[in-house]
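Asks: Starting from these lines, generate the structure:
(one chain, ligands or ions: 1)
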Amino acid sequence: MNENALRPTPSVSRSLAEILDFSSQRKEKAMKANRCKQTCSGIYTIILVIVLVIITGCSTDKQQVNVSEQSQSPVSGESRKFEGLALTPPMGWNTWNTFGTNINEQLIKETAEALISSGMQEAGYIYIVLDDAWSAKERDSQGHLVGDPKKFPGGMKALGDYLHKMGFKFGIYNCAGNKTCAGYPGGRGHEYEDARTYASWGVDYLKYDWCNHGTADAKETYKTMRDALYAAGRPIIFSLCEWGNNKPWLWAKDIGHLWRTTGDIAPCWDCRKQWSMGWKIILDSQVGLEKYAGPDHWNDPDMMEVGNDGLSPAESRAHFSLWCILAAPLMAGNDVRTMPDEIRNILTNKEVIAIDQDPLGKQGYKFKAEAGKEIWVKELSRGGWGVCVLNTSDISAKTIINWKDLTFLKGTYQVRDLWQKKNIGTTNNDFAGEVASHDVILFKLSPLE
Ligand code: GLA
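Replies: Numbers count the residues shown, from 1 in each chain. Below is the predicted model of the structure:
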């Protein structure tokens, strides 16, 4: 409540003064008359009583005014997101790409353990996100979302506590429509109560989908959920999953911390399925979006398929490298309990992850494309650059880089190959090497004094 609400309004003060002034005039007149001491003192007493009654009544009025002022003042929450929760792109693991709706408590716990033993948690993958199908098919009798009691017998709060104890953050999925894409209860019309539910479970990250939204306006709908999360009071990363349909990069900066820019990813180089597509098609569609991303507001080209059937190790390495060049959120989507070392080494390469997580927070862009080859670059803090050469052809190819062709470079740089983990000289000398089909070479360039 603000201080002014406690102060009497000017009209109340004035009427109180008028009343006191009026009573003192009456008192004076009565004393002047002085006809009879008893009568006078009787009148005086009566006047005093009247004045007291009026003052008391008036002060009651004053309180009533203040109470009604309070109840009329807007009690709506603030329209804002929680700031500063994603200064670098969020990193974690999500159930969907490998497990779809087939998820449960045991899977989550085994995954948490595998993320720790594989070194992924230490490398930065801290959000464990339960995608679609974690909830019961219906809300409870009070309209609250509940976890599926068969899949999550311990309940969602206990799962959140477990994840926090293991050093993770707890992510969950729902949908802005009436139902999620897999047919579970959606959030439409329940935003504020759902946000309170998530907060009470200790949720740290909400992915919010766009199925079954009817005629709802995307911006307004996502704003409602943002405000609901803010009102619930627990800092929760808000991940918009609207597939880029309404160009969220143009309006979602103040609504969420990341927004999907495309439909779903599929585990392949460039296949097209009904709702999904290979990562190379998604990569191509990111051209031009780089100017919209930055700390706390990232383009999200979807979760990773690194390590999933359908991608060769080279395609997984290239996919990971380019997601880092894009400053994409790094949500692993493979079965980390059984991944081979080759995949673990890709996902945990800290120097490559550092390209993604660079504090400057600039998304990279396609610098050049020619037959069979693309060069993607990303500006880094302290004058550095990430440079990724992608072989788009079906055969292994010789690559020569004359660094002078990278016209944005200023002066001389040390060149480090991040997959070989080797310094390979400076930009004073051309680079010559072989790049396998659908593979990459990823360099970090650091300026030399
Ligand atoms: C949509 C999203 C996916 C996934 C599924 C779940 O397709 O884009 O990432 O969350 O829904 O049903």
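
Asks: now the residue nearest to G167 when sequence neighbours are not counted: how far from V336?
Replies: Nearest residue to G167, sequence neighbours excluded (CB to CB, 6 or more residues apart in numbering): Q121, at 6.3 Å. C-beta coordinates here come from the backbone N, C-alpha and C atoms, glycine included. Look at Q121 and V336: by CB to CB, to the nearest Å, they are 10 Å apart.

Asks: who touches both of those two?
Replies: Counting by CB atoms under 8 Å, 6 or more residues apart in numbering, the shared contacts of Q121 and V336 are L115.

Asks: Let me see the contact set for the residue in the stretch 251-400 of the chain positioned nearest to the ligand.
Replies: Among all residues of the stretch 251-400 of the chain, D264 sits closest to the ligand, at 4.7 Å; criterion: CB to the nearest ligand atom. For D264, the contacting residues are W243, W275, S276, M277, D302, by CB under 8 Å, 6+ apart.

Asks: Distance-wise, check it relative to N212.
Replies: 16 Å.

Asks: Which of the helices or strands spans the residue in the stretch 1-150 of the chain that the ligand sits nearest to?
Replies: Residue nearest to the ligand within the stretch 1-150 of the chain (CB to the nearest ligand atom): D132, separated by 3.5 Å. Counting by DSSP states H and E, no helix or strand carries D132.

Asks: Give the closest residue to it in space, chain neighbours not counted.
Replies: A182 (4.3 Å).

Asks: So the one you found is in contact with T101, correct?
Replies: Yes: using CB atoms under 8 Å, A182 is in contact with T101, at 5.2 Å.

Asks: strand partners of the strand or helix carrying Y208, parallel vs antiparallel please.
Replies: According to DSSP H and E, Y208 maps onto strand 205-209. Strand pairing for strand 205-209, using DSSP bridges, gives strand 169-175 (parallel), strand 237-240 (parallel).

Asks: if we look at that strand, which residues are touching it?
Replies: Contacts of strand 205-209 (CB under 8 Å, 6+ apart): 90, 92, 94, 127, 129, 131-132, 169-177, 180-181, 187, 198, 222, 225, 229, 236-242.

Asks: gap between the residue of the stretch 251-400 of the chain closest to the ligand and N174?
Replies: 17 Å.

Asks: same question, L163
Replies: Taking CB to CB as the measure, L163 falls 18 Å from N174.

Asks: picking up where we left off before, and the residue nearest to D132, what helix or strand is that in?
Replies: Here A182 sits in a region with no helix or strand, counting by DSSP H and E.

Asks: What of L442?
Replies: strand 440-447.

Asks: and that strand, C-alpha only, in PDB?
Replies: What follows is strand 440-447, C-alpha atoms only, in PDB (Å, rounded to 0.1, in the frame of the first residue of the first chain):
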ATOM      1  CA  VAL A 440      32.900 -29.700 -40.200                       C
ATOM      2  CA  ILE A 441      36.100 -28.200 -39.200                       C
ATOM      3  CA  LEU A 442      35.600 -25.700 -36.300                       C
ATOM      4  CA  PHE A 443      38.200 -23.100 -35.500                       C
ATOM      5  CA  LYS A 444      38.500 -20.600 -32.800                       C
ATOM      6  CA  LEU A 445      40.400 -17.400 -33.800                       C
ATOM      7  CA  SER A 446      42.000 -15.400 -31.000                       C
ATOM      8  CA  PRO A 447      43.600 -12.000 -31.700                       C
END
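
Asks: Return the list of strands paired to that strand, each annotated with direction.
Replies: Strand 440-447 has the following sheet partners, assigned by DSSP bridges: strand 385-391 (antiparallel), strand 413-417 (antiparallel).

Asks: Can you point out the buried residues in the helix or strand just after the first one?
Replies: The C-terminal neighbour of strand 385-391 among helices and strands, as given by DSSP H and E, is strand 397-401. The neighbour-count criterion (16 or more other CB atoms under 10 Å) identifies A397, I401 as the buried residues of strand 397-401.
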